[in-house]
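Colleague: Need the 3D shape of this:
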Amino acid sequence: MLTKAVTPLLAAMLALAVTAADAQKSRKRERDAPAAPLPAAEKRDRVVTAPGNPFNGKAYWIATAQCGGIHFRLSALYTEAGITAKVVKPDRAAYDRLTKQSTEATRTATAYFDAAERFLIADRGLARDDAVFTYDRIASDAGDRLKTVDAALSAAKPCPALYQLCREAFPKICSEPRVSASRGNVGRAATRLASRDGPHAGR
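Modeller: Have a look, this model is predicted:
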């Protein structure tokens with residue numbers, strides 16, 4: 001009787017393990033799949049003119065969406081590192097610093113998302129929900145492939161200059177002075193802690 005009772009339980013456990021493994025493989029395939037090509041700028045789109053900047057020639061809504069996605073991912077990485085600093089390797093000072101970094105990255109991401117939304121509404125006449133839907137994939141693709149804090153920080157380097165250019169040309173769309181004023185400054189101690197103790201450390 002005991003054998004009969006255990007067998008279905010083992011079968012259920014094995015089924016759950018297989019399901020979890022399949023889901024993990026599916027997520028890995030999604031992450032490793034080539035990013036969908038960026039949509040071409042249309043005539044009605046305002047385009048970045050900044051020779052030497054990676055965003056040169058891109059529609060402003062695409063460039064700001066990408067920067068938003070990068071900073072949103074940076075916020076998530078800081079949050080994960082903060083959890084490590086609070087639970088796995090308790091360090092209250094590191095946790096507080098990383099939490100602050102995560103909050104600031106989220107605010108910065110929001111400023112870029114707001115700009116992307118405003119460009120789409122103004123240039124293409126989209127409703128707000130349609131604008132968010134349009135830039136969301138671009139933002140997600142830009143952020144999802146960044147696995148470490150260092151990678152996200154590197155990807156974010158051209159963003160403050162982009163936002164400053166936008167503020168000078170379109171101040172009603174890019175209206176957050178602190179974003180361009182930051183010039184990519186990041187607390188070095190927080191960066192080192194996140195890189196050392198955070199997710200994917202040493203990879």
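Colleague: check contacts around the residue sitting nearest the centre point of the chain.
Modeller: By CA atoms, centre = their mean, the chain has its centre lying nearest to residue 73, at 2.6 Å. By CB atoms under 8 Å, 6 or more residues apart in numbering, the contact list for residue 73 reads 142-144, 146, 152. For glycine as for every other residue, the C-beta is placed from the backbone atoms N, C-alpha and C.
Colleague: Just the buried ones from those?
Modeller: 142-143, 146, 152 (16 or more other CB atoms under 10 Å).
Colleague: Redo those as TSV? Include pLDDT and secondary structure.
Modeller: Shown next, in TSV, are the buried ones among the contacts of residue 73 (pLDDT from 0 to 100; DSSP: H, G, I helix; E, B strand; the rest coil):
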residue	pLDDT	secondary structure
142	96	helix
143	97	helix
146	96	coil
152	96	helix
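Colleague: Among the contacts of residue 73, which pair sits farthest apart?
Modeller: Farthest-apart pair in those is 144 and 152; separation 11.0 Å (CB to CB).
Colleague: pretty sure residue 165 is touching residue 51, no?
Modeller: No - using CB atoms under 8 Å, residue 165 is not in contact with residue 51; the gap is 11.3 Å.
Colleague: Tell me which of these two has more neighbours.
Modeller: Neighbours per residue (other CB atoms under 10 Å) separate residue 165 from residue 51, with residue 165 holding more: 19 against 6.
Colleague: ok, for that one, nearest residue in space, not its chain neighbours?
Modeller: Take residue 165 and drop its neighbours on the chain: the residue closest to it by CB to CB, 6 or more residues apart in numbering is residue 50, 5.6 Å away.
Colleague: And residue 110, by the same measure?
Modeller: Using CB to CB, 6+ apart, the closest residue to residue 110 is residue 68 (7.5 Å).
Colleague: Could you look up the SS state of the residue nearest to residue 165?
Modeller: coil (DSSP: H, G, I helix; E, B strand; the rest coil).
Colleague: any idea how far residue 85 is from residue 101?
Modeller: Distance of residue 85 to residue 101, given as CB to CB, to the nearest Å: 11 Å.
Colleague: All set, thanks.
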